[in-house]
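Got a predicted structure here, sequence first:
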Amino acid sequence: MQKPIAIWLLICCAMVFAMIVVGGVTRLTDSGLSIVEWQPIVGTMPPVTQEDWDVLLEKYRATPQYQKINKGMSVDEFKNIFWWEYFHRLLGRLIGIVFFVPFVYFLVKKRIDRSLGIKLTGIFILGGLQGLMGWYMVMSGLVNDPHVSQYRLTAHLGLAFVIFAAMFWVALGLLTPQSEHPKPDEKIQSLRRFSYSLTSLIFIMILSGGFVAGIRAGLAYNTFPLMNGYLIPPDLFILEPWYRNFFDNITTVQFDHRLIAWLLAFLVPLFWFKTRKVELSGTTRLACNLFLLMLAVQISLGITTLLQVVPIHLAASHQGGAVLLFAASLWVSHRFR
C-alpha cells in the first residue's frame, strides 16, 4: 500500500544526491556567483538571445568576483560558469515539483495518514528553507568578498543532508516491516547506540568538509598521512580568539577533517567486527558490509583528492561519496532501531 510512496521518496533522494554533486561542481568551478538575482519563477527560463547574455554579463560585471577575479571575461567564458549555477538552481526547482505534485496526489487519494503527512510536510518546508539558504549564501559573495561565507556554505550543505536523511529514513520505514528488525536484546541495543553515534559523527565530518570547501583548505597540506611533515602542525591556534581557528584557519580546518576521518577509520571497522558476533538478518548484514565498504571508498577518494590537489572530478566524487556513506550509515542505524 505504501511502497509507491517509498519509491517516490527514494527518487527524491536520488535527485538530492545529484543536487549535492552538481552543487559541489558549481563551487569548484567558482560558478555560484554568476547569477546575481534570485528569481524562482522567471529565472527558470534560460537565456536564448545574444541580448539576454549581454544583460546577464552586465549584471555580473557589477559583482566583486568579476571585478577582482574575472575582469575582462568574455561572453563565452561567462557561459561556462553560468550554466553550472543555472542547472544547480533548475535542479532545485525540479526537486520541489517532483516532491510537491506526488505529495498532493497521495493526499487526495488518502494514501497518507496523519503521522506520515506531518513528516512529509516538514520535509517540504525544509526544502523551501533550503532555497532561501542557497540565496542567503550567494548574497554573501555579492558584497565585498568574491567568495561566499564558509558558514553559510556549510549551513546550505548541512541542510541538504538533513533533507536527504529525512526522506531516506521515512522511505526505509515504509519499506521495512517492524518484524525484520533485530530483537532488542542488550547487544542489539548497544549496536544501535553505536550506529547512531557513527551516523552523527559522519554528519559532523560532512559539516567539517563544508568548512574545508568554504576556505579552500584542501589546497594546502597536500601530503598524507603527515601534514607537510607534521603529525600535528604548529599553526593550529594562530588566530584569536582561539575558537576562530576551527572555522577560519586552513590548518585547523583540514586537521579536524582528517582527525574525524581517522576516528571513523577505527570506529567503523570496530562496529563491523561487533556485528559479526550477533545473529542478524541477511539484509542487516548486507547493510553493515556496505557501510564498511563505503567508508573505505570514501577515505580513498579523500586521500586521492588531497594528493592530487583537488581536481574537480575527484572532489565532486568525494562529495558524492559523502552522501553514499551517510546513506549507508542511515540504513545501518535504521536496521538496528
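Nice, I can see it. The shown structure was predicted, so the numbers you read here are calculated from the model rather than taken from an experiment. Residues are numbered from 1 along each chain as shown.

Stretch 191-202: which residues count as buried?
Across stretch 191-202, burial judged by 16 or more other C-beta atoms under 10 Å covers 191-192, 194-195, 198-199, 201-202. (Each C-beta comes from the backbone N, C-alpha and C, glycine too.)

same check, this time on stretch 104-115
So for stretch 104-115, counting by 16+ other C-beta under 10 Å, buried means 106, 112.

Tell me the span between the first and last residue of that stretch.
16 Å (C-alpha to C-alpha, to the nearest Å).

that older thread, put together JSON lines for the buried residues of stretch 191-202, with secondary structure on each row.
Compiled in JSON lines, these are given as follows (DSSP: H, G, I helix; E, B strand; the rest coil):
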{"residue": "191", "secondary structure": "helix"}
{"residue": "192", "secondary structure": "helix"}
{"residue": "194", "secondary structure": "helix"}
{"residue": "195", "secondary structure": "helix"}
{"residue": "198", "secondary structure": "helix"}
{"residue": "199", "secondary structure": "helix"}
{"residue": "201", "secondary structure": "helix"}
{"residue": "202", "secondary structure": "helix"}
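
for the helix or strand hosting residue 119, packing partners?
According to DSSP states H and E, residue 119 maps onto helix 114-139. When contacts are defined as 3 or more C-beta pairs under 8 Å, 6 or more residues apart in numbering; DSSP states H and E, helix 114-139 sits against helix 75-108, helix 150-175.

and the angle for the last one with helix 75-108?
The one in question is helix 150-175. On the basis of axes from the mean of the first three to the mean of the last three C-alpha atoms, to 10 degrees, helix 150-175 is oriented at 40 degrees to helix 75-108.

tell me the domain ranges of this protein?
1-175, 181-337 (automatic domain parsing).

how close does the residue lying closest to residue 129 once chain neighbours are set aside get to residue 328?
Leaving aside its sequence neighbours, residue 129 sits nearest to residue 159 (C-beta to C-beta, 6 or more residues apart in numbering; 6.8 Å). Going from residue 159 to residue 328 by C-beta to C-beta, to the nearest Å gives 21 Å.

cool, residue 131 as well?
28 Å.

hang on, residue 87 packs against residue 22?
Yes. With contact defined as C-beta atoms under 8 Å, residue 87 reaches residue 22; the gap is 6.2 Å.

which residues touch the residue in the chain sticking out farthest from the centre?
Computed with C-alpha atoms, centre = their mean, the residue of the chain farthest from its C-alpha average is residue 51, at 35.8 Å. Residue 51 sits next to no residue when contact means C-beta atoms under 8 Å, 6 or more residues apart in numbering.

how far away is the nearest residue to residue 86 once chain neighbours are set aside from residue 35?
Nearest residue to residue 86, sequence neighbours excluded (C-beta to C-beta, 6+ apart): residue 46, at 6.2 Å. Per C-beta to C-beta, residue 46 is found 11 Å from residue 35.

what's the answer for residue 3, then?
39 Å.

neighbour-wise, which of these two wins?
Neighbour count, other C-beta atoms under 10 Å: between residue 3 and residue 35, residue 35 has more, with 19 against 10.

That one touches residue 84, doesn't it?
No. Counting by C-beta under 8 Å, residue 35 stays clear of residue 84, with 10.1 Å between them.

thinking again about what came up before, so what's the residue farthest from the centre of the chain scoring on pLDDT?
On pLDDT, residue 51 comes in at 92.

So which bits of the strand or helix carrying it are buried?
Following DSSP H and E, one finds residue 51 within helix 50-60. Within helix 50-60, the residues that count as buried by 16+ other C-beta under 10 Å are 53, 56-57, 60.

for stretch 146-165, same thing?
Neighbour-count burial for stretch 146-165, with 16+ other C-beta under 10 Å as criterion, is recorded at 146-150, 152-161, 163-165.

hmm, back to that, relative to the whole chain's centre, how far out is the helix holding residue 119?
Computed by C-alpha atoms, centre = their mean, to the nearest Å, the separation of helix 114-139 from the middle of its chain amounts to 15 Å.

what about the nearest residue to residue 191 once chain neighbours are set aside, distance to residue 176?
Once flanking residues are discounted, residue 191 sits nearest to residue 336: 5.4 Å by C-beta to C-beta, 6+ apart. Distance check for residue 336 against residue 176: by C-beta to C-beta, it reads 12 Å.

That's all I had, so thanks and see you.
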